[in-house]
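K.L.:
Sequence plus the predicted model coming up.
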Amino acid sequence: MGSIRQDATDLLVDIEAIVQLALAEDVGSGDLTADLIPEASHATATVVSREQCVLCGTPWFDRVFARLSPDIQITWHFKDGDDIPVNSVLCDLAGPARPLVTGERTALNFLQTLSGTATLTRRFARVLEGTATRLLDTRKTLPGLRRAQKYAVQVGGGHNHRVGLFDAILIKENHIAAAGGITAAITQCHQRHPGVPVECEVETLAEAQEAATAGADMLLLDNFSLELMTQARRNVPKHIELEASGNVDINRLRAIASTGVNYVSVGTLTKHVKAIDLSMRIA
C-alpha cells in the first residue's frame, strides 16, 4: 500500500472544477465594485509574500485569472516548492484592470492556503530527513480541497495516503465493530476486492498480531507508545508495513522514526492550516 501519488490528469480536472466553483461563490452574477473601473482600463500588479513560506498553488492561481480573461499575463519569479524569503515578489501580472481586481481574492485564497499546507509539511518532512520513515497525510482536509491539499503535501516533501474511500482499503475501528472483528473484516476485504492491499487499524499488540495473521498488508498503529511501536516492528513480519498515527507532535517525529515504522501520518498537515500572509497590489 504505502504512499500514493496523484494522477496529473485527475489533478488538472480538479483544478478546473474547484476554480469554477470558487469563482461562482465569490463573483456570482458579477463583480459590482469592479464596475467603477473603466472597461478598457489596463493595469499591472504584484503579489508579495509577507512571511517566509514554501510556495504552492500557482496552477490554481493561474487558472482563476485565465477563466476571467485570456489577456492577463502572469510572470512567476518562483515555482511551486521553492522556499520563499520574506517580502519576496512572487509574480507580476498585467492585463485588463477589471478581471485583475475581480480575481484577486479567489486567486490569493488558493495560493495562501496551499502555501500554508506546503510550508507546514516541509517543517515536518525536514525533521524526518535521514530516516527511513516517510511522512503521510490523511483525509482530514478542507472540504473541496482534497486533491489540492494533497498536492501541497507532495510539494512540501510529504507523501500522500489514499485520496479517498475509493482508491485504497483502510479498515478502522468502526468497520471492525460492524464487520464482526478484525479477522472477519480483513477476510471480507480480500474476498470482495482481491488484489487490493488491505491496511488495518490496531490499538494493541494483540490486535496487530491478529491482523497480521489474518492477511493485512499494512497496519496502522493507533496511538501506540514508542515502546509498543518498537515491539510491533519486532514482532510483525517485515513485509507488513507499519504506519504510526494519532496525536503526532513534530517534537516526537525522530523518536517515532527510530522505532522502525515505515510511515507516520499527520492530520495536522491539512487540518490545522495557517494561511500564508500574501498581498496583491495593483499599480
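P.N.:
Arrived safely. Numbering: from 1, shown residues only.

K.L.:
Quick check: the gap between G95 and V101.
P.N.:
According to C-beta to C-beta, to the nearest Å, G95 stands 11 Å off from V101. (Each C-beta comes from the backbone N, C-alpha and C, glycine too.)

K.L.:
Which parts of the stretch 1-150 of the chain are strands?
P.N.:
Using DSSP state E, counting those that start in this stretch, the strands of the stretch 1-150 of the chain run over 42-49, 53-54, 73-76, 83-84, 88-96, 134-136.

K.L.:
got those as JSON lines, with mean pLDDT, distance to I250 and mean neighbour count columns?
P.N.:
Written out in JSON lines, the entries for the strands of the stretch 1-150 of the chain read as follows (pLDDT from 0 to 100; distance: least, C-beta to C-beta, whole Å; neighbours: other C-beta atoms under 10 Å):
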{"stretch": "strand 42-49", "mean pLDDT": "98", "distance to I250": "23", "mean neighbour count": "17"}
{"stretch": "strand 53-54", "mean pLDDT": "98", "distance to I250": "16", "mean neighbour count": "26"}
{"stretch": "strand 73-76", "mean pLDDT": "98", "distance to I250": "30", "mean neighbour count": "14"}
{"stretch": "strand 83-84", "mean pLDDT": "98", "distance to I250": "18", "mean neighbour count": "16"}
{"stretch": "strand 88-96", "mean pLDDT": "98", "distance to I250": "25", "mean neighbour count": "18"}
{"stretch": "strand 134-136", "mean pLDDT": "98", "distance to I250": "10", "mean neighbour count": "23"}
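
K.L.:
Let me have these in CSV, extended by distance to P143.
P.N.:
Conversion of these to CSV gives the following (distance: least, C-beta to C-beta, whole Å):
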stretch, distance to P143
strand 42-49, 26
strand 53-54, 23
strand 73-76, 28
strand 83-84, 27
strand 88-96, 27
strand 134-136, 20
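
K.L.:
T119: which of those is closest?
P.N.:
strand 53-54 (4.5 Å; C-beta to C-beta).

K.L.:
hmm, back to that, so which of the strands of the stretch 1-150 of the chain comes closest to E243?
P.N.:
Of all those, the one in closest proximity to E243, counting by C-beta to C-beta, is strand 134-136 (6.8 Å).

K.L.:
So what's the gap between the closest one and the chain middle?
P.N.:
11 Å (C-alpha atoms, centre = their mean, to the nearest Å).

K.L.:
same check, this time on stretch 120-132
P.N.:
Distance, centroid of stretch 120-132 to centroid of chain: 15 Å (C-alpha atoms, centre = their mean).

K.L.:
buried ones in it?
P.N.:
Under the neighbour-count criterion of 16 or more other C-beta atoms under 10 Å, stretch 120-132 has L120, T121, R122, F124, A125, V127, L128, T131 buried.

K.L.:
try stretch 98-106
P.N.:
Applying 16+ other C-beta under 10 Å to stretch 98-106 flags R98, P99, L100, V101, T102, G103, E104, T106 as buried.

K.L.:
ok, and what's touching stretch 229-248?
P.N.:
1-2, 136, 138, 199, 201, 205, 208-209, 212, 216-224, 256, 259-266, 268 (C-beta atoms under 8 Å, 6 or more residues apart in numbering).

K.L.:
Check stretch 156-167 too.
P.N.:
Residues outside stretch 156-167 that contact it (C-beta under 8 Å, 6+ apart) are 2-6, 54, 56, 81, 117-122, 124-126, 134-139, 146-147, 150, 153-154, 168, 170, 263, 265, 269.
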